[in-house]
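A.B. asks: Predicted model and sequence below, questions to follow.
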Amino acid sequence: MNKLLFGDNLNWLRNREIFPDASVDLIYLDPPFNSKRDYAVIFKSPKGYDSEAQAEAFKDTWHWTQEAEREFDEIIQQTNQDAAAMIQAFRGLLGVNDMMAYLTMMTNRLLELHRVLKPAGSLYLHCDPTASHYLKIVLDCIFGKENFRNEISWKRTPFSGSSKARAKQYPRSHDVILFYSKTENLTWNTPSIPYSEKYLKRFKWDDNDGRGTYRKTLLKTYSQETFDRLKEENRLVAPVKAGAKWSYKQYLKESSGERQIDDIWCDINSLNPVSKERLGYPTQKPQALLERIISASSNEGDLVLDPFCGCGTAVHAAQKLRRNWIGIDITSFAIAQIEDRLKKAFPEDAGTKGQRRLKYIVDGLPKDFEGAKNLAAREPDGKYQCQWWVVRWLLGAQLRDGKKKGGDGGIDGVKHFTIYESKAKFDALKKPDYKKIGTIIISVKAGENVSPTMVKDLIATISRERAEIGLFVTLAKPTSGMITEAATAGFYQMPNGKKYQRIQILTIEGLMNKTERAEHPDYEPDVNYKAAKAESNAEQQDLV
């Protein structure tokens with residue numbers, strides 16, 4: 001089955017039941033990097049990564065900590081001594097700082113990614129000039145410099161950076177994609193695009209001999225045999241000036257009609273803020289970019305892995321192109337976004353409409369209350385991961401816009417439902433519809449200490465937000481004072497007369513064992529999540 005895996009990708013990659021040796025056909029990774037910042041910033045602080053979710057997940061990852069020291073020691077002890085020597089040299093050059101922590105984490109993961117890659121497999125590492133030169137050395141040591149294929153420059157935008165920065169340097173407009181293969185015998189489907197109108201206009205000559213239009217191309221190097229053959233075929237054009245080179249006639253109809261894509265990609269723009277493709281994830285890459293990579297370096301039925309899958313563009317593209325896939329991310333927020341994206345793009349009835357049926361599993365999330373407590377206790381961000389998990393998986397609600405820790409205004413999630421008013425009332429007001437949207441505010445407390453004050457805060461929040469219902473979800477057991485405080489908020493009444501307790505206290509344990517549930521009107525899922533475009537050009541796939 002296709003898989004979404006929640007957790008540290010290094011731990012998952014070392015699980016040999018899921019990732020045996022030589023089991024993956026193509027790897028694409030877009031790890032957090034210091035895009036659109038000064039080169040020196042990553043040495044000082046990893047703050048400012050474009051994706052809030054990834055910024056939160058990796059807030060402490062790119063500092064030199066005991067974890068970084070442990071992973072450094074693991075690299076020294078493993079069998080690839082080129083990589084071991086390289087990482088020690090980096091430490092001597094860079095010292096102990098955020099960049100060294102970043103390179104240590106990446107080296108350990110790239111060693112595992114090399115292990116799981118098939119002999120005909122390829123790896124694409126998406127980065128920017130902040131660290132691309134260091135990462136290329138890492139990849140040379142792990143994959144072998146002979147297996148370096150390309151340094152692709154993706155011109156993602158006309159320019160970027162502040163006007164102050166551009167006053168002292170050339171505007172930055174590209175990312176780097178490092179392309180390596182496992183061996184010389186790699187899977188390769190030559191990517192191409194149709195000729196441009198500008199190129200086609202070069203075929204402006206026609207001898208009216210039935211062979212059609214042609215362009216004149218210099219005959220740079222040739223043998224006498226080739227020269228004689230072209231002359232016999234009436235394909236030579238004599239030089240106008242003495243001493244100049246001959247040309248030959250290159251006929252349009254003899255070409256494939258397509259131009260092979262080189263390592264400078266200028267035809268795929270980054271997503272603008274109002275793009276219909278954008279799902280609200282700041283570092284989201286265009287789907288066309290991933291479709292190009294996956295089409296070129298894999299075949300239908302192959303397995304594509306994205307170990308930093310973010311909002312899931314790679315797995316979406318793989319699903320569309322009839323590849324199997326595995327996506328890994330360290331935030332439950334990202335896994336939730338990917339699930340919603342896939343379900344919108346590949347509806348449940350896809351198989352009956354000629355689309356590709358969506359089949360996958362999610363692993364790594366808590367399966368029992370003990371697992372929930374372990375998640376909440378995980379350092380450094382377990383409480384927040386637990387909050388996101390509760391909102392998305394236990395309550396089926398919308399995460400509060402991926403807000404940063406501590407900046408959510410007391411709101412961890414929201415859920416919407418439809419309020420059907422009296423049709424006669426709306427007709428009297430001459431309104432076109434007789435329904436409106438109600439809001440449920442969710443507050444999750446994943447710590448050991450809860451109090452009536454927290455319930456009072458939720459009451460104040462739903463009043464401020466003009467919401468209909470508030471859900472207070474707690475890992476710890478609520479106190480009698482909290483229950484009393486919730487009761488004082490009274491009830492919300494639907495137009496049909498049905499009442500719901502305005503403040504409901506629920507426990508994570510009760511939600512997991514289904515002895516408790518939130519009581520509220522049904523809601524329309526389309527109200528809660530921004531929809532990805534439904535795909536319609538793929539067929540049902542075979543399972544792995």
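C.D. replies: Nice, thanks for sending it over.

A.B. asks: Let me see the contact set for Leu375.
C.D. replies: Residues near Leu375 by C-beta atoms under 8 Å, 6 or more residues apart in numbering: 365-366, 382, 385-386, 389. For glycine as for every other residue, the C-beta is placed from the backbone atoms N, C-alpha and C.

A.B. asks: what do you get for Ser332?
C.D. replies: So Ser332 contacts 6, 365, 385, 388-389, 392-393 (C-beta under 8 Å, 6+ apart).

A.B. asks: So it versus Gln385, what's the distance?
C.D. replies: 5 Å (C-beta to C-beta, to the nearest Å).

A.B. asks: and the contacts of Ser332 as a markdown table, adding neighbour count, distance to Glu146 and secondary structure?
C.D. replies: As requested, the contacts of Ser332 are exported to a markdown table (neighbours: other C-beta atoms under 10 Å; distance: C-beta to C-beta, whole Å; DSSP: H, G, I helix; E, B strand; the rest coil):
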| residue | neighbour count | distance to Glu146 | secondary structure |
| --- | --- | --- | --- |
| Phe6 | 24 | 36 | strand |
| Leu365 | 20 | 41 | coil |
| Gln385 | 23 | 41 | helix |
| Trp388 | 27 | 43 | helix |
| Trp389 | 26 | 44 | helix |
| Arg392 | 21 | 45 | helix |
| Trp393 | 19 | 46 | helix |
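
A.B. asks: Same list, those residues, but as TSV with pLDDT and distance to His114 please.
C.D. replies: Formatted as TSV, the contacts of Ser332 follow (pLDDT from 0 to 100; distance: C-beta to C-beta, whole Å):
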residue	pLDDT	distance to His114
Phe6	93	24
Leu365	89	28
Gln385	88	29
Trp388	88	32
Trp389	91	32
Arg392	87	33
Trp393	87	33
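
A.B. asks: for these, which one is nearest Asn208?
C.D. replies: Phe6 (67.2 Å; C-beta to C-beta).

A.B. asks: what's the nearest residue to the closest one if we skip its chain neighbours?
C.D. replies: Leaving aside its chain neighbours, Phe6 sits nearest to Gly364 (3.6 Å; criterion: C-beta to C-beta, 6 or more residues apart in numbering).

A.B. asks: burial measure for that neighbour, as a count.
C.D. replies: 20 (other C-beta atoms under 10 Å).

A.B. asks: Could you measure from it over to Glu112?
C.D. replies: In terms of C-beta to C-beta, Gly364 sits 17 Å off from Glu112.

A.B. asks: Same check on Asp209?
C.D. replies: Distance of Asp209 to Glu112, computed by C-beta to C-beta: 61 Å.

A.B. asks: Look at these two and report which has more neighbours.
C.D. replies: Applying other C-beta under 10 Å to Asp209 and Glu112 shows that Glu112 carries more neighbours, namely 18 against 7.

A.B. asks: Verify the assumption that the more buried one is located in a strand.
C.D. replies: No. Counting by DSSP: H, G, I helix; E, B strand; the rest coil, Glu112 falls outside a strand, being helix.

A.B. asks: Contact partners for it?
C.D. replies: 10, 13-14, 19.

A.B. asks: cutoff 7 Å now
C.D. replies: Going by C-beta atoms under 7 Å, 6 or more residues apart in numbering, Glu112 touches 10, 13-14.

A.B. asks: now, which of those sits nearest Phe90?
C.D. replies: Nearest to Phe90 among these, with distances taken as C-beta to C-beta, is Leu10, at 18.6 Å.

A.B. asks: give me phi/psi at that closest one?
C.D. replies: phi -60, psi -40 (degrees, to the nearest 10).

A.B. asks: how many neighbours does the nearest residue to it once chain neighbours are set aside have?
C.D. replies: Among residues not flanking Leu10 along the chain, Arg109 sits closest, at 5.5 Å (C-beta to C-beta, 6+ apart). Neighbourhood size, Arg109 [other C-beta under 10 Å]: 19.

A.B. asks: And for Pro273?
C.D. replies: Count around Pro273 with other C-beta under 10 Å applied: 6.

A.B. asks: picking that back up, would you check that the residue nearest to Phe6 makes contact with Asn9?
C.D. replies: No. Gly364 is not in contact with Asn9 according to C-beta atoms under 7 Å; the separation is 10.5 Å.
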